[in-house]
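>>> What would the 3D arrangement of this be:
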Amino acid sequence: MGKKPKNHGNPWTAQDISNLGKLAKQNTPTRVIALKLDRTPGAVQTKASQEKISLKPTNQSPYNRRAKKPA
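You can find the predicted model right below:
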């Protein structure tokens, strides 16, 4: 079993929730949000659900990738 994140089990602060909302709007993957907030992906999903923050990806990539040209 891996190390527990630093904030594991700690209450969420207003700043944590704000950062969660900002990262979700930027289409950041859930696991990356978890790493940035030092939380588990499950904790991020649960809190997003409680705060009514959508983690569903939009139709754009979160990374600056160029569209592949058909061969």
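
>>> quick one: contacts for H8?
D38, R39, T40, A43 (Cβ atoms under 8 Å, 6 or more residues apart in numbering). To be clear about C-beta, it is placed using only N, CA and C from the backbone, and glycine gets the same treatment.

>>> Just give me the neighbour total for the first one.
This points to D38. As a burial measure, D38 scores 14 neighbours (other Cβ atoms under 10 Å).

>>> Spell out which residues sit in contact with it, please.
Neighbour list for D38: P5, K6, N7, H8 [criterion: Cβ under 8 Å, 6+ apart].

>>> can we see that at 10 Å?
Taking Cβ atoms under 10 Å, 6 or more residues apart in numbering, we find D38 in contact with K4, P5, K6, N7, H8, N10, D16.

>>> Same question for the last one.
Contacts for A43 were tallied using Cβ under 10 Å, 6+ apart; they are P5, N7, H8, G9, N10, W12, A34, L37.

>>> With that, I have no additional questions.
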